[in-house]
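> Build me a model:
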Amino acid sequence: MLSVIILVTKYKYSSMLHNEDIICFSSIDWDFNWQGHQEVMQALADHGNRVLFVENTGVRAPRFRDYDRLVSRVRNWWRGYKGIRRVDRNLFVYSPLILPFPYSRLARWINKLLVLRVLNSWLEAQKCSSPVIWTFLPSGLTLELIKNLSHKILIYYCIDSFEHSSPAATKIAESEKRTIQEADLVFVTSELLREHCARYNSEVHKFPFTVNFEEFAAVRKKEGVNPPDDLAPVPQPRIGYIGGLHRWCDQELIVKLARLMPEASFVFVGPEQEPMQALHGLPNVHLLGGKPHQSLPAYIGHFDIGIIPYLKTSYTDNVYPTKLNEYLAMGIPVISTPIREVVLFDKENPGTVDICRDAESMARVIRERLARAGSREEEEARSMRIELAKQNSWTVKIEKMCELIESKIIQLKGIEENRWQDSLARIFAAYRRKTLGVVFALLLLYITIYWTGLIYLIGTPLKIEDPPVKSDVILVFGGGLGETFRPGSSTLERSNFAVKLYQRGLAGKIVFSSGFQQFTRKDAEDMSKVAFSEGVPAGDILIDNQAANNYENVVNCLRIMASRNYTSALVVSGSYNMLRTRLLFERQLKLFPASGITPGSIHLVPAAESIFFHPVEGDRLAQLKAILHEYLAIIDYWWLGRL
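All right, here's what the predicted structure looks like:
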């Protein structure tokens, strides 16, 4: 048996885009049933344009039945580089891996970053900064990507009524409206879609999906070629259908028709996208499954009649069936249910299609058409069908699309050139707005820092103050550089305050803890000298000059207390250091319990009347820096496991 081999030739178009970089956001995957998405992009790539075909990013969350498609997406991503693979000289396919939550703002933001990085990398590799963007998918994610891609023109090809296609797809209505409004050109496949889009954009043009006429003609001219292997055993006459078997196919009508015409074979070539149980088991119904697109002309060429058995619904009223022109291109009669676009086509081309409302009338018309087979009248009708398909072919349609696109690009470029002064004015206005914004922000920041109590409000959680009660010892933590980041600034404040507590009889001993040293001066010794000069006996003063930080202040002082059997203490430090100090004591007393010492016996008494934090005399900016430094220190101690 001869096998039919269809060679895809590179057709020459008289008017076509060329040397453009095109990003196409598709509503189907590249390996899905061959449709207008692939046809248009393949033609553009064949003519020297570099095309990146972005596979469907979805309008609904995946379901279990999408398992095979998800596996295929992962496999295709793995086959490419960062998800991009080259399928032809100028044609690249991008299979993005994204979060499958199309209506989650967070997921959309993450997906935008993931996809945008790949798209910009591809454009950079192509040395292109302003591509043509062509979208079949008006989703929120697609719209976000388009807004972040500089482009010379935006084309939206509306091929589906999302309002009627599925409950999940209705959520896309708002983003579709915005896509239509922002598009420079809108192409549609049906009259109702044209009316829908024309409400938001005046540049709407009708281009139904059609047929690659040259490819079909090449097969048609090979007379005498045997049918495909799985079609050959099917007895004639063959009433055929090509395309997906979806929920819009009228199973009830097909069953009635098959039973009314037991003498005919009803052949369905296409994948079962919905369960077709009603058709299985019928002796004269043959479901051959999905086939490569290039093999379809061979099947149609061995049909006696082509049928379009669609349900008439609000969805199918928006559908222009591609198979209509594919049947015509092979010259066979076409019989259809009265869906809107086929009825309009028949009015524009009388006698081309037989419209039937039920199985009985369809059976009658099929028998009439079969009876005319081979007649002179039928041969004339066959020639008319073929010529009509040629006039409606993709070759003609894509040329007309490209004429519109090129004209619009020239128009947009002219508008941009004529508005250079407006563009320059907008740029300067933007600079002025930014400058005023920065000045206003700085002024607001200055007022906030220097004329409000925000700093003290921010620092409030850091401040802890216990009532000073009689204790065994006073622990004074030196500030080193202190809050001012200048040596000696906190030495006098903290030592003087400790002396006052001592003189009130609240404790009999003072420990000065600080390992800070500048040149030959040691902070702990300086504090002890202040205390001695104020009348505190040398025997009541203890010095820890090893503590390099707040953590070591606490650890070293607890050791001193344990060695002398002190069980209670007053702790003197900076006002905003008290939260960290409290947390350190609580942590250390849990890890290293000392005899008689409990968190309740440690009383925090910050140095009063700090000049640094004085509302009038203090340096507000330095105060803010000190408070933020303290918060960062708490985070650091927590990370190190000290708190």
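
> ok, Ile180 to Leu404 distance?
16 Å (Cβ to Cβ, to the nearest Å). Backbone N, C-alpha and C define where each C-beta goes, glycine included.

> so how far is stretch 173-189 off the chain centroid?
Distance of stretch 173-189 from the chain centroid (Cα atoms, centre = their mean, to the nearest Å) equals 19 Å.

> Among Ile180 and Leu404, which residue is more densely surrounded?
Taking neighbours as other Cβ atoms under 10 Å, Ile180 and Leu404 compare with Ile180 leading, 21 against 17.

> For the more buried one, give its distance to Ser202.
Ile180 is 11 Å from Ser202, where distance means Cβ to Cβ.

> Longest helix in this structure, by number of residues?
In the chain, with assignment by DSSP state H, the single longest helix is helix 420-451.

> buried set for the next helix or strand after it?
Tracing the chain C-terminally past helix 420-451 and defining elements by DSSP states H and E, one meets helix 454-459 next. Of the residues in helix 454-459, Ile455, Gly459 count as buried by neighbour count, 16 or more other Cβ atoms under 10 Å.

> excluding its backbone neighbours, what's nearest Asp346?
Leaving out its chain neighbours, the residue that sits closest to Asp346 by Cβ to Cβ, 6 or more residues apart in numbering is Val353, at 4.6 Å.

> make that Arg385, sorry
What sits nearest to Arg385 in space, not counting adjacent residues and going by Cβ to Cβ, 6+ apart, is Leu328, at 4.3 Å.

> so where's the stretch 451-600 of the chain uncertain?
Residue ranges of the stretch 451-600 of the chain with pLDDT under 70: 480-489, 594.

> Quick one: the helices in it, in order.
Ranges of helices in the stretch 451-600 of the chain, per DSSP state H, counting those that start in this stretch, are 454-459, 491-503, 523-533, 550-563, 578-591.

> Name the surrounding residues that touch the third one.
For helix 523-533, contacts defined as Cβ atoms under 8 Å, 6 or more residues apart in numbering pick out 476, 478-480, 487-488, 491-492, 494-496, 498-499, 502, 510, 512-517, 538, 541, 543-545.

> Now with 10 Å, please.
Helix 523-533 is contacted from outside by 474, 476, 478-482, 487-488, 490-492, 494-496, 498-499, 502, 510-518, 522, 536-538, 540-547, 572, using Cβ atoms under 10 Å, 6 or more residues apart in numbering.

> That one: which residues count as buried?
Of all the residues in helix 523-533, those buried under the rule 16+ other Cβ under 10 Å are Asp523, Ala524, Asp526, Met527, Ser528, Val530, Ala531.

> Let me have the residues you listed in TSV, extended by distance to Ala626.
Shown next, in TSV, are the buried residues of helix 523-533 (distance: Cβ to Cβ, whole Å):
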residue	distance to Ala626
Asp523	17
Ala524	21
Asp526	21
Met527	20
Ser528	25
Val530	23
Ala531	25
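
> Show me how this structure divides into domains.
21-206, 213-392, 421-452, 458-640 (automatic domain parsing).

> okay but Arg382 is in contact with Val334, surely?
No. Taking contacts as Cβ atoms under 10 Å, Arg382 lies outside contact range of Val334: 11.5 Å.
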